[in-house]
Each structure stands twice: as C-alpha cells, then as structure tokens.
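>>> structure, please.
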Amino acid sequence: MPLASIPSPAQGVWHLGFIPIRAYALCFVLAILFGVWLSERRWRARGGEKGVISDLAVPAVIFGLVGARLYHVITDWQTYFGPRAIKEPYRALFVWEGGLSIWGAVALGGVGMWLACRRRGVPLGAVADTVAPAIAFGQAIARWGNWFNQELYGGPTTLPWGLEIDQAHGGEPGVLYHPTFLYESLWDAALGFALILAGRRFTLHHGRLFALYVAGYTFGRFWIEGLRIDPVGGVDHAVTLLGLRINQWTSIVLFIGALVYLRVTRDKDGEQIPVPAAQQGRPAQD
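Sure thing, here's the model as predicted:
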C-alpha cells in the first residue's frame with residue numbers, strides 16, 4: 001500500500017433519532033443553496049430585481065431533480081430492470097443511493113427555468129448567463145456526495161492521491177483507485193472561476209456564457225469519464241457505444257453544440273435585463 005492515499009468515509013449516513021441524515025443529500029442541498037446565493041448576487045450586480053433568481057430556482061430545482069434521476073435510470077436501466085438487475089425496480093426511486101445525472105438536471109431543469117422565465121417576463125438567456133458559474137460551483141460541491149457513497153471512481157492507480165474503496169463498494173484490498181469524483185470537483189471549481197473572469201473580460205450575452213460553461217464542462221467530463229469503471233455491486237453496467245461510454249458521447253455532442261452556438265451568436269448585441277423602477281439609472285455590472 002502506498003504511503004499516501006485518500007480514505008473513503010466509514011459511513012455516509014447518520015441518524016437523528018429515527019431520521020436518517022445522508023451526506024449525499026446534504027452535499028446536494030449545500031450545492032443548491034450556494035448556487036442560488038451566488039446567482040442572486042450576480043443577478044443583482046447586473047441590475048436585476050432582488051428575489052427573481054430565488055423564485056426561478058424553485059421550479060428549476062424540482063424539474064432538475066426529476067430530470068437528473070430519469071437520465072440516470074434510463075442510461076443505467078440494467079441496474080434495476082432485466083435479467084442482470086442487481087437492485088429491485090422500486091429502488092430506482094431511491095435517489096439517496098446515488099445516481100443524479102447533471103445531463104438530466106440541466107435539461108429538465110432548463111425546462112423548469114424556461115417556464116418560470118416566461119411567467120416572470122425575464123429573458124432566459126440573461127438568466128442562463130447569470131447562473132452558469134453557480135452551476136459549475138454547485139457541481140463541485142455536489143460531487144463530494146459521491147465520495148461519501150464511495151462511487152464515481154476510476155481504475156487502479158499507484159498515485160499518492162489514490163482513493164481507498166472498501167469491498168462492499170467494489171474495491172479490492174490493498175488497491176487504490178483514481179478519485180474521479182475529486183478530479184471533476186476540482187475541474188468544476190476551476191471552471192466556475194474561469195466563467196466569472198470570462199464574463200467580466202468579454203461580452204458574453206444571450207446565453208453565450210452558459211454555452212461556454214457547457215463547452216468547458218463537457219471537455220473535462222469526457223476525459224474524466226474515460227477513467228471511470230463504475231462498478232455497481234461488482235458488475236459494470238455502464239452503457240457503451242463504439243468503445244465510449246454514453247456519457248462521453250453526450251459530452252461530444254454537447255461540446256460541439258456549444259461551440260456552434262458560440263459561433264452563430266458571436267455578433268449579437270447585449271441584452272436588456274428588466275430593472276426595477278427604483279433602480280433605474282444605476283450602472284449595472286456583469
């Protein structure tokens with residue numbers, strides 16, 4: 001065993017009486033709260049009305065959680081259905097066991113945000129650009145829930161930051177694994193800071209900063225996904241196509257789509273954010 005390694009938590013659930021307190025859920029709650037707080041600050045700094053982002057976040061989060069779980073169950077259906085299933089079908093509803101996909105969260109969460117923006121009369125592109133860094137930071141926080149669940153790890157490694165995984169979660173005695181949850185967390189945090197700097201340095205409106213987030217995230221997710229082995233109960237259920245995981249193909253498609261969007265919208269002018277009458281005349285910041 002190498003002299004240095006990253007230990008996995010001995011437990012990810014604590015009990016307050018008969019109420020289970022799950023670290024996985026706490027990480028997601030913290031990610032959402034931080035994301036809403038940062039997005040609200042950015043919206044106000046750009047001249048937007050106080051409380052708008054908080055209101056929009058409610059349907060976006062609800063839709064996003066549903067979408068995150070749906071994507072996971074659809075792409076990992078063999079875990080719950082079919083002859084190789086290792087979990088009962090009803091456990092597809094157990095979100096606390098892990099399995100919340102960012103692809104489904106952003107897709108269906110975006111639908112919830114779009115509906116809320118239409119109701120409030122707020123431009124979706126302006127909101128998307130506002131929340132882009134917050135989503136990246138939120139993902140960086142949420143990934144630590146996977147550490148508590150001892151999931152999202154890669155193949156064996158001898159690097160000093162190798163991750164210890166117990167046998168109950170697919171690990172082998174004396175073997176360390178790539179901490180891909182940590183790689184993605186660090187990548188997302190760096191992306192969040194890069195997006196803030198890019199928003200200040202360049203004119204990125206009409207959803208262009210959000211497109212930059214998509215391009216940056218998918219670029220990192222592609223190579224990180226390639227390191228993962230994702231055993232579930234000792235069986236690899238990852239869906240592959242032409243040697244690549246389905247999440248890698250999704251990354252490729254979304255990366256290209258983001259670049260195309262950035263290209264076709266390069267000449268668009270800045271967009272107007274609705275400003276409360278009491279704030280008219282105040283200089284807005286990006």
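
>>> next SSE downstream of the helix or strand encompassing residue 147?
Per DSSP states H and E, residue 147 falls inside helix 144-148. Downstream of helix 144-148, the next assigned helix or strand under DSSP H and E is strand 163-164.

>>> hang on, the earlier thing: restricting to C-alpha, output the helix holding residue 147 in PDB.
In PDB, the C-alpha atoms belonging to helix 144-148 read as follows (Å, rounded to 0.1, in the frame of the first residue of the first chain):
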ATOM      1  CA  TRP A 144     -18.400  15.200  -2.600                       C
ATOM      2  CA  GLY A 145     -21.700  13.300  -2.100                       C
ATOM      3  CA  ASN A 146     -20.200  10.600  -4.300                       C
ATOM      4  CA  TRP A 147     -17.200  10.400  -2.000                       C
ATOM      5  CA  PHE A 148     -19.400   9.600   0.900                       C
END
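
>>> so what does it touch, helix or strand wise?
helix 23-45, helix 180-201 (3 or more Cβ pairs under 8 Å, 6 or more residues apart in numbering; DSSP states H and E). (Glycine included, C-beta is placed from N, CA and C.)

>>> where does the stretch 1-150 of the chain dip in pLDDT?
1-3, 77-78, 84-86, 95-99 (pLDDT under 70).

>>> that one: helices as residue ranges?
Counting by DSSP state H, counting those that start in this stretch, the stretch 1-150 of the chain has these helices, from start to end: 23-45, 52-75, 102-120, 124-142, 144-148.

>>> closest one to residue 212 among these?
Distance to residue 212, taken as Cβ to Cβ, is lowest for helix 124-142 among the helices of the stretch 1-150 of the chain, at 7.3 Å.

>>> quick one: the closest one to helix 102-120, angle?
Here helix 124-142 runs at an angle of 140 degrees relative to helix 102-120 (axes from the mean of the first three to the mean of the last three Cα atoms, to 10 degrees).

>>> from the chain's centre, how far out does helix 124-142 sit?
Centre-to-centre, helix 124-142 and its host chain are 9 Å apart (Cα atoms, centre = their mean, to the nearest Å).
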